[in-house]
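*Asks:* Mind folding the following:
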Amino acid sequence: MVDMQTVEVESDLLILGGGMAACGAAVEAAYWAQKHGLKVVLVDKAVVDRSGAVAMGLSAINQYVGLRDGQNTIKDYVDYVRNDLMGMTREDLVANIARHVDSSVHLFEKWGLPIWKDEKGAYVHEGRWQLMINGESYKVVVAEAAKNALGSDSIYERVFIVGPIMDGDRCVGAVGFSVRENKFYIFKARAVLVAMGGAVHVFKPRSSGEGQGRAWYPPWNAGASACFTLKAGAEMTCQEVRFIPVRFKDAYGPVGAWFLLFKARATNAKGEDYMVTHKDELANWAPYGQVKPVPANLRNYLGMLDLMAGKGPISMRTEEAIQKIVAAAGDPKEVKKKMREVEAEAWEDFLDMTISQAILWAASNTSPEEKSSEIAPAEPYFIGSHSGASGAWVSGPEDLAPPEYFWGYESMATVKGIFCAGDASGASSHKFSSGSHAEGRIAAKSAIRYLLKENPPKPTVSGGQIDKLKTETYAPLETYSKHVGATTQPDVNPNYILPKMFMMRLQKLMDEYAGGVTSQFTTSGALMNRALELLAFLKEDSEKLAAPDLHELMRCWENIHRMYQAEAHVRSMLFREETRWPGYYFRSDHPKLDEQNWHVFVNCRMDPASGKWEMTKRPIVPMKA
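*Replies:* Numbers count the residues shown, from 1 in each chain. The predicted structure follows:
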């Protein structure tokens, strides 16, 4: 095996990630660090310009409260998020993001992001909380500000973070490796801000073969945030709350603009609107089924009822919506003009963020003004920033958080020195891209405050510890080189397992036993106990992962991260003995909502030394008035 150069990097604050939360953290941390003589370093697995969930672009900013115009109040947003997550919300965290998010959006516009305006100069809304943007370069614009703030010498790109470096109960850095060079990194820091995204490909995707790399959420997000905080011994929350978006089938194109901007309907094969025909079912999920808008999981559920009854496929009536909009123009010349305008907006919605869907339309001779398109529920994802809520259990702000939710520094996990933002932070969903950026700013400012007030010592990492971490990190390369000659076909070997095979095995067991696509998102206590048995075997075999090169070494560690996310999910679903999110998952042995026993947060913690898990109920406490 090639000898790897060890590189040690010291900083006061280490930012892990390159997405929207990390970019927000970088801008805020750089400002305060300059004032106080502190060093900030950012490490990203990818390249910051195109890293994270909005890497390809976005057609709308999904969180804008509109406080300066009096459009909404912070309470309005908190109520919306609480209802959409069926009551599972940290109001203090949601409110804290809501009162800061508009300023992030205004910064985006200042930095050059084109936001749609009407004839009066007001923002064009897709829905109550969403703003339409020309977003193909959204991430590039936001990344440029972060890079300018930190400077290139403080940014390390294409470095994969394996896990935390601990000193007792305190996190003092992170260990990682370059995916392009023979360099092993020891990042020492007095505080660490985790913003490495959520997880995809834990479950078998609906698309297979050529399309397996496609997903609604980026395939390179592999559970690094959850694994890092779990390995540090942090308490986690809402690990049972996976998100299943309904998207245009096979290429995962977004449906938001069609429902909200174009006012389209979705109908089954008989032309029935499931939101109408199954409206009475919402009463069974009161009080959440009675609110407006109907929670995302319940909207999914009503559509799934038709699919399970054999009334599929479900189609987005694009042709109906476009014709209705165009007909309102009246004059024949205006009708033609409006048709060209709406057609362009329809295609642009995909070209801004899901180019593969536009390609699929073109390949299948689909003209949206003439023909409807099939939509379907995707596979489960773990994403604390969207309609899911999984992440670390973090402290709220002192002025909003009840005593149970406050331990000194907002956004700090239950482990000293770890701060979380974006998908790394739990129970504060519906922050999306703009809210994640705002939360990154909040977490960075809090981390700086921690450094100035607590003044934690500079960490030291012994040579023996470095050697141990290095050996563990590169073990898959050693395993491959040692055993590859045992067979004539490298991907079939009795001495090791390659990352793709490992991932397929993980996806198969999660799909079949933890409520994936092929089981109609249904599971039970018996099935999940079997899943835990199989996960235990998988964890044993993870020590036999093998990699022929640095790229495959990254794939090995991605799948180890996914494995930790998978176990946290199964244990949390098993602990919560009810079905709270029909449309995201169903427990056949506990098919109803149980407000009396389970109107609580389900939290978990893994002991890093023993690997034992502790499951806990945490009360839902309203934020301070």
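*Asks:* Could you tell me how many residues sit around Arg68?
*Replies:* Number of residues near Arg68 (other Cβ atoms under 10 Å) recorded here: 9. For the C-beta atoms, the positions are set from N, CA and C on the backbone; glycine is no exception.
*Asks:* Also Lys188?
*Replies:* Neighbour count of Lys188, defined by other Cβ under 10 Å: 18.
*Asks:* Repeat that for Thr616.
*Replies:* Using other Cβ under 10 Å: Thr616 sits among 14 other residues.
*Asks:* What pLDDT does the model give the closest residue to it other than its chain neighbours?
*Replies:* Among residues not flanking Thr616 along the chain, Asn603 sits closest, at 4.6 Å (Cβ to Cβ, 6 or more residues apart in numbering). Looking at Asn603, its pLDDT stands at 98.
*Asks:* Buried residues of stretch 7-25, list them for me.
*Replies:* Buried positions in stretch 7-25, judged by neighbour count with 16 or more other Cβ atoms under 10 Å: 7, 9, 11-25.
*Asks:* And that stretch, how far out from the chain middle?
*Replies:* 18 Å (Cα atoms, centre = their mean, to the nearest Å).
*Asks:* Let me know the distance separating His386 from Ala378.
*Replies:* 12 Å (Cβ to Cβ, to the nearest Å).
*Asks:* Is the residue nearest to Thr616 inside a helix or a strand, and which specific one?
*Replies:* Here Asn603 sits within strand 600-606, counting by DSSP states H and E.
*Asks:* Now do the buried residues in that strand.
*Replies:* Phe601, Val602, Asn603, Cys604, Arg605, Met606.
*Asks:* related to what we said a few turns ago, mutual contacts of His386 and Ala378, please.
*Replies:* Pro245 (Cβ atoms under 8 Å, 6 or more residues apart in numbering).
*Asks:* Would you check that Pro619 makes contact with Val600?
*Replies:* Yes: the criterion here is Cβ atoms under 8 Å, and Pro619 meets it with Val600 at 6.0 Å.
*Asks:* Grab the CA positions of stretch 618-625 and hand them over as CSV.
*Replies:* This file holds the C-alpha atoms of stretch 618-625, laid out as CSV (Å, rounded to 0.1, in the frame of the first residue of the first chain):
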residue,chain,number,x,y,z
ARG,A,618,-38.1,13.6,25.7
PRO,A,619,-41.1,15.8,26.4
ILE,A,620,-42.5,18.3,23.9
VAL,A,621,-42.4,21.7,25.6
PRO,A,622,-43.6,24.9,23.9
MET,A,623,-41.1,27.7,23.5
LYS,A,624,-41.1,30.6,25.8
ALA,A,625,-43.8,33.2,25.1
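*Asks:* ok now it, how far from the chain's centre?
*Replies:* On Cα atoms, centre = their mean, the centre of stretch 618-625 falls 24 Å from that of its chain.
*Asks:* Stretch 305-312 now?
*Replies:* That offset, for stretch 305-312, works out to 29 Å (Cα atoms, centre = their mean).
*Asks:* Could I get the average pLDDT for the helix ranked longest in the chain?
*Replies:* Identified as the longest helix of the chain according to DSSP state H is helix 550-575. Helix 550-575 comes out with an average pLDDT of 98.
*Asks:* helices or strands up against that helix?
*Replies:* Where contact means 3 or more Cβ pairs under 8 Å, 6 or more residues apart in numbering; DSSP states H and E, helix 550-575 is packed against strand 159-167, strand 170-178, helix 224-231, helix 475-483, helix 499-513, helix 525-541, strand 600-606, strand 613-619.
*Asks:* do that again at 6 Å, thanks
*Replies:* Helix 550-575 sits against helix 224-231, helix 475-483, helix 499-513, helix 525-541, strand 600-606, with contacts defined as 3 or more Cβ pairs under 6 Å, 6 or more residues apart in numbering; DSSP states H and E.
*Asks:* who touches the strand or helix carrying Leu360?
*Replies:* Using DSSP H and E, the secondary-structure element containing Leu360 is helix 355-363. For helix 355-363, contacts defined as Cβ atoms under 6 Å, 6 or more residues apart in numbering pick out Phe248, Ala251, Gly253, Trp347, Phe350, Leu351.
*Asks:* Pick the one among these closest to Asp3.
*Replies:* Ala251 (43.8 Å; Cβ to Cβ).
*Asks:* how near is that closest one to Leu38?
*Replies:* Taking Cβ to Cβ, one finds Ala251 at 45 Å from Leu38.
*Asks:* Among these two, which residue is more densely surrounded?
*Replies:* Using other Cβ under 10 Å as the criterion, Ala251 and Leu38 rank with Ala251 on top: 22 against 19.
*Asks:* quick one: contacts for Ile383?
*Replies:* Contacts of Ile383 (Cβ under 6 Å, 6+ apart): Gly198, Tyr217, Phe243, Asp423.
*Asks:* Which one (most neighbours) among these?
*Replies:* That'd be Asp423 among the contacts of Ile383, by other Cβ under 10 Å, with 36 neighbours.
*Asks:* Confirm that that one sits in a helix.
*Replies:* Yes: according to DSSP: H, G, I helix; E, B strand; the rest coil, Asp423 belongs to a helix.
*Asks:* Quick check: the gap between it and Gly66.
*Replies:* 25 Å.
*Asks:* Also Val172?
*Replies:* Val172 is 42 Å from Gly66, by Cβ to Cβ.
*Asks:* what about the two, which has more around it?
*Replies:* Higher neighbour count among Val172 and Gly66: Val172, with 24 against 19, using other Cβ under 10 Å.
*Asks:* ends of stretch 537-545, how far apart?
*Replies:* End-to-end distance of stretch 537-545: 13 Å, with Cα to Cα, to the nearest Å as the criterion.
*Asks:* average pLDDT across it?
*Replies:* Mean predicted confidence for stretch 537-545 is 98.
*Asks:* now swap in stretch 292-305 and tell me
*Replies:* According to the model, stretch 292-305 has a mean pLDDT of 96.
*Asks:* Distance from the chain centre to that stretch, please.
*Replies:* 20 Å.
*Asks:* neighbouring contacts of that stretch?
*Replies:* Stretch 292-305 has contacts (Cβ under 6 Å, 6+ apart) with 84, 246, 274-275, 278, 285, 288-289, 314, 377, 387, 581-584.
*Asks:* Not counting residues beside it along the chain, what's closest to the residue positioned nearest the centre of the chain?
*Replies:* In the chain, the residue lying closest to the centroid (Cα atoms, centre = their mean) is Ile383, at 2.7 Å. Excluding its sequence neighbours, the residue lying closest to Ile383 (Cβ to Cβ, 6+ apart) is Gly198, at 3.9 Å.
*Asks:* you'd agree that neighbour is up against Asn221?
*Replies:* Yes: the criterion here is Cβ atoms under 6 Å, and Gly198 meets it with Asn221 at 5.4 Å.
*Asks:* so Gln465 is in which element?
*Replies:* Going by DSSP H and E, Gln465 is in helix 463-473.
*Asks:* Quick check: buried residues in that helix?
*Replies:* Ile466, Leu469, Lys470, Thr473.
*Asks:* next one: stretch 609-621
*Replies:* Trp613, Arg618, Ile620, Val621.
*Asks:* Widest-spaced pair of those?
*Replies:* Farthest pair in the buried residues of stretch 609-621 (Cβ to Cβ) is Trp613 and Val621. Separation: 24.4 Å.
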